[in-house]
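Colleague: Give me a 3D structure for the following:
(one chain, ligands or ions: 1)
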Amino acid sequence: MAALTLVSGSVGLITLQNPPVNALSSAVRQGIVDTVQRAVSDPQVKSVVICGQNGVFCGGADIKEFGKTMLGPPLVPMIHTIEAADKPVVAAIEGSALGGGLELALGCHYRITHSKARLGLPEVTLGLLPAAGGSQRLPRLIGVPAALDLITTGRHVTAAEALKLGIVDQVTDQSTVEAAVKFALSVEVQSLTSRRISTLPCPCPADVDALFEGVMQRVRQRGRGAIAPVACVQAVQAAATLPYAQGMEREQELMATLFTSGQARALQYCFFSQRAVSRWSLPSGARWDSTKPNPVTKVAVIGLGTMGRGITVALVQAGLSVVAVETHEQQMMAAQRAVSGMLERLAQRQGVPLALDRVRFSTELEAVADVQIVIEAVFEDMALKKQLFKQLSSLCPAETLLFSNTSSLDIDHLAAQTDHPQQVVGMHFFAPAHIMKLLEVVYGPRSAPQAVATAMELGKRMGKVSVAVGNCRGFVGNRMLMHYLEEALFLLEEGSSPESIDQALKEFGFPMGVFQMSDLSGLDVGWKVRKAQGLVEPGQMSRVRQGRRYSPLGDLLCEQGRFGQKTGQGWYLYDPAGSRTPRPDPWLQRFLEQYRARQGLVSRRIDSEEVLERCLYALINEGFHILHEGIAAGPEDIDMIYVFGYGWPRHRGGPMFYASQVGLARVLQRLEHYHQLHPDVPHLQPSSLLRQLVSSGSPPIQRWKEAIRKPHSAL
Ligand SMILES: CC/C=C/CC(=O)SCCNC(=O)CCNC(=O)[C@H](O)C(C)(C)COP(=O)(O)OP(=O)(O)OC[C@H]1O[C@@H](n2cnc3c(N)ncnc32)[C@H](O)[C@@H]1OP(=O)(O)O
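Modeller: Below is the predicted model of the structure:
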């Protein structure tokens, strides 16, 4: 769908019409081909302007059409026709010109952009490359280094940066279409020879080979096994070294491999899942589209440890006024210095004014009396939190929402301390809270829909991916993680090492392995939780606790004061204490050998396949339990929690998507196999939902919801 109208006597104005982002669906491509042909052959038309409806130029190819039979004209010849036109074609860019949208604009002879527009080639984030000539035209227009940066990262640039780079010819604050029409009138008689980007030579720096080598090394390292960034570098290399026509052939060849890859499917699934999780619903039937969030301007944060400081920064960055409370004067002063420093650095990096005046620090709990939301971030101790919620309930007006940043404690118990339990919701941030994108919004049976809606909206304002989940021990992320950690410990007992387990997980695509991650978080954190659960028996080596297999290895390390990075020793050595580089520890190797000998365990060689299967399938199996219980509304919710909060490689789509790619029957069969070998490990016993899905023919992930109960809270 595209409409052609004649404006200013001689300008053919083509408007793309496919809300909300004018994606290049088959109908839009057909519309463009038809209208361009009509404009070119109309003697009254002397120049053409292409714009998008509703303030958006074009969000690129229609991702919803990927994987379906291709209908309508393909993008490459369509863009060639525009570039080859003998009348000037001007792109009028408002809102976004992304992916195929920017490639379309690069096929035009001129580009006029609104100052608020964003441009980019984000195909790599969908497991693809800009294969409508983008990888060949952009380097010719702006040079190889800048094109490599944009194409391999997929980052969006502002209009100002696009102008500086030479992507656009003019930026306007006024009506973009009017500016483009005026511009088109001014160039109607000018030669187009130098305006067809595909005919230009590709400007290369002298050390271009070294540049490609360096970039390739970086994208391989950063990509953790992702294939699209590598193909992007190869495509730009073709632009730099081959004539345009041959470069295009290479672009198509590389795209053919990417387009049908599992990684592209995973990344596109992530694109839609990230948007789907914002459409939450509660067991009561309340939904995102029928519940209005409360207006929020002022929020209090109580407890200014690492989490509280990060939350304060995230709130200030979202433009909110914050009352930051820490009851001890000295700790409050330290927090004030730390928060100010973080805000200063962020303001400097982002080139925005410092917003220190939006935070008020206080040692008085009473300072929270006039805020709309209180976020509690005190030490993870149930008694302390209960007491605080009781105090807040009497201090704050009835309409104040009380959110807890607990990572594992029961939200319902906290709600029960207050006179208005419907106002209580969990808001589980991930450290560092001002950087990590994930927010688990935990609702209990009594949480009001409006409280949930307000927490979800607040998360959105802070730029988070917020996922609403029911209340249970560890919520979704940590509940699944527990079994992943346990399996890693069991593998150590059976003969593996922290290094080989971490290596297997890093090769899978995690930024760090399980032991490195535990050292970073602090081994004492889990120790404290296990103590509270009555699992820790100091000095004891028994490997069965509360009727199931248990590994005391973590406890034994903690008893020696080995808490991870902060103490210089954990599963690895860190020299000096606090350094981030793990080194294998000969002491640990001896300790493990002695431990196995005392336990009568015969060490065996464990390959990376077993490491991955046991750690990942244990985690995935818990994911099926969570779905079955309705704690998470769908597999997308779990997957987004893992991608945005736990470093699960995005190109593998999240644990549940990964299970669907491996094949549910295979996951079931391996879990059965391991459970037979380890009958004392209940988390290896396949979930009934997994069995049910396999027996109903392993439907695609989009249809799992049909087999799942409505979401609810388990506690
Ligand atoms: C033949 C292969 C060729 C490939 C080349 C390509 O062009 S690949 C596609 C490259 N384009 C992109 O990656 C852009 C993706 N879109 C965005 O980044 C953003 O949507 C936006 C354009 C910046 C707009 O952001 P905003 O926050 O305003 O809105 P939403 O993200 O919530 O999107 C609104 C709805 O539109 C859907 N949508 C967005 N882009 C596309 C698209 N390219 N194709 C299909 N659908 C798209 C999005 O899913 C939202 O839909 P809902 O149903 O409301 O969730």
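
Colleague: which stretches of the stretch 351-500 of the chain form strands?
Modeller: Assigned by DSSP state E, counting those that start in this stretch, the stretch 351-500 of the chain shows strands spanning 359-362, 373-376, 401-404, 424-429, 438-443, 465-470.

Colleague: got the residue ranges for the strands in the stretch 1-150 of the chain?
Modeller: Taking DSSP E, counting those that start in this stretch, the strands of the stretch 1-150 of the chain run over residues 2-7, 11-16, 47-52, 89-93, 96-98, 110-114, 118-120.

Colleague: closest one to the ligand among the ones you listed?
Modeller: strand 96-98 (4.1 Å; Cβ to the nearest ligand atom). C-beta here means a position set from N, CA and C on the backbone, and glycine is covered the same way.

Colleague: what packs against the lowest-mean-pLDDT helix or strand in the chain?
Modeller: Least confident helix or strand of the chain, by mean pLDDT, DSSP states H and E, is helix 523-532 with a mean of 90. Judged by 3 or more Cβ pairs under 8 Å, 6 or more residues apart in numbering; DSSP states H and E, helix 523-532 is in contact with helix 553-559.

Colleague: Show me which residues of the stretch 101-250 of the chain are close to the ligand?
Modeller: 122-123, 126, 128, 131 (Cβ under 6 Å from any ligand atom).

Colleague: Name the nearest of those residues relative to the ligand.
Modeller: Ranked by distance to the ligand (Cβ to the nearest ligand atom), those are led by Pro122 at 4.1 Å.

Colleague: Do I have it right that that closest one meets Ile151?
Modeller: No. With contact defined as Cβ atoms under 8 Å, Pro122 does not reach Ile151; the gap is 9.6 Å.

Colleague: These two: who's more crowded?
Modeller: Legend: neighbour count by other Cβ atoms under 10 Å for Pro122 and Ile151, higher for Ile151 (28 against 21).

Colleague: got a list of what that one touches?
Modeller: Neighbour list for Ile151: 121, 123-124, 129-130, 134-135, 138, 232, 235-236 [criterion: Cβ atoms under 8 Å, 6 or more residues apart in numbering].

Colleague: Okay, and which of the residues you listed map to helices?
Modeller: Among the contacts of Ile151, the members falling in helices (DSSP state H) are 134-135, 138, 232, 235-236.

Colleague: residues touching the closest residue to the ligand within the stretch 301-450 of the chain, list them.
Modeller: Nearest to the ligand, among the residues of the stretch 301-450 of the chain, is Lys437, at 14.6 Å (Cβ to the nearest ligand atom). By Cβ under 8 Å, 6+ apart, the residues touching Lys437 are 463-465, 644-645.

Colleague: List the buried residues for stretch 525-534?
Modeller: If you call a residue buried by 16 or more other Cβ atoms under 10 Å, then stretch 525-534 has these buried ones: 525-530.

Colleague: any idea which of those is the one closest to Ile631?
Modeller: Closest approach between those and Ile631, by Cβ to Cβ: Val529, at 18.7 Å.

Colleague: For Leu535, see how far away that closest one is.
Modeller: Distance of Val529 to Leu535, computed by Cβ to Cβ, to the nearest Å: 9 Å.

Colleague: picking up where we left off before, would you turn the residues of the stretch 101-250 of the chain next to the ligand into TSV with pLDDT and distance to Met541?
Modeller: Output for these, formatted as TSV (pLDDT from 0 to 100; distance: Cβ to Cβ, whole Å):
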residue	pLDDT	distance to Met541
Pro122	98	53
Glu123	98	54
Leu126	98	51
Leu128	98	53
Ala131	97	59
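
Colleague: Out of these, who's the most crowded?
Modeller: Ranked by neighbours (other Cβ under 10 Å), those are led by Glu123, which has 30 neighbours.

Colleague: Verify the stated contact: that residue with Ala132.
Modeller: No. Contact criterion Cβ under 8 Å: Glu123 and Ala132 do not qualify, at 9.4 Å.

Colleague: ok, now which ones touch Ala239?
Modeller: Going by Cβ under 8 Å, 6+ apart, Ala239 touches 135-136, 139-140, 144, 147, 202, 247.

Colleague: Now the helix or strand hosting it: average pLDDT?
Modeller: Assigned by DSSP states H and E, Ala239 belongs to helix 228-241. In this model, helix 228-241 has a mean pLDDT of 98.

Colleague: Next, the buried residues of it.
Modeller: 228-240.

Colleague: Pick out whichever of those residues sits closest to the ligand.
Modeller: If you rank these by distance to the ligand using Cβ to the nearest ligand atom, Ala228 comes first, at 11.2 Å.

Colleague: so that closest one touches Pro130, yeah?
Modeller: No. Ala228 lies out of contact with Pro130 (Cβ under 8 Å); the separation is 10.7 Å.

Colleague: what's the overlap in contacts for the two?
Modeller: Common neighbours of Ala228 and Pro130 are listed as Glu123 (criterion: Cβ under 8 Å, 6+ apart).

Colleague: which residues touch the spatially most central residue of the chain?
Modeller: The residue lying closest to the centre of the chain (Cα atoms, centre = their mean) is Phe644, at 4.2 Å. The contact partners of Phe644, taken as Cβ under 8 Å, 6+ apart, are 436-438, 465.

Colleague: Please, which helix or strand holds it?
Modeller: helix 635-645.

Colleague: how much does that helix deviate in direction from strand 465-470?
Modeller: 130 degrees (axes from the mean of the first three to the mean of the last three Cα atoms, to 10 degrees).

Colleague: does any bit of helix 635-645 sit next to the ligand?
Modeller: No. Figure legend: helix 635-645 not in contact with the ligand (Cβ under 6 Å from any ligand atom); closest approach 11.6 Å.

Colleague: I'd like the next helix or strand past that helix.
Modeller: Next along from helix 635-645, by DSSP H and E: helix 655-662.

Colleague: Off-centre distance for that next one?
Modeller: Centre-to-centre, helix 655-662 and its host chain are 17 Å apart (Cα atoms, centre = their mean, to the nearest Å).

Colleague: With stretch 437-451 instead?
Modeller: Distance, stretch centre to chain centre, for stretch 437-451: 20 Å (Cα atoms, centre = their mean).

Colleague: tell me the average confidence for that stretch?
Modeller: pLDDT averaged over stretch 437-451 gives 97.

Colleague: likewise stretch 680-688?
Modeller: 96.

Colleague: Would you reformat the buried residues of stretch 525-534 as a markdown table and include distance to Glu103?
Modeller: Below are these laid out as a markdown table (distance: Cβ to Cβ, whole Å):
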| residue | distance to Glu103 |
| --- | --- |
| Val525 | 48 |
| Gly526 | 49 |
| Trp527 | 54 |
| Lys528 | 54 |
| Val529 | 51 |
| Arg530 | 54 |
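
Colleague: Going by distance to the ligand, which of the residues you listed wins?
Modeller: Closest to the ligand, out of all of the buried residues of stretch 525-534 and judged by Cβ to the nearest ligand atom, is Val525, at 35.4 Å.

Colleague: Now do the same contact list for that closest one.
Modeller: By Cβ under 8 Å, 6+ apart, the neighbours of Val525 are Glu380.

Colleague: What of Leu414?
Modeller: Here Leu414 is in contact with 385-386, 389, 402, 404, 406, 424 (Cβ under 8 Å, 6+ apart).

Colleague: still on that earlier bit, so what's the gap between the helix holding Ala239 and the chain middle?
Modeller: With Cα atoms, centre = their mean, you get 25 Å for helix 228-241.

Colleague: All set now, cheers.
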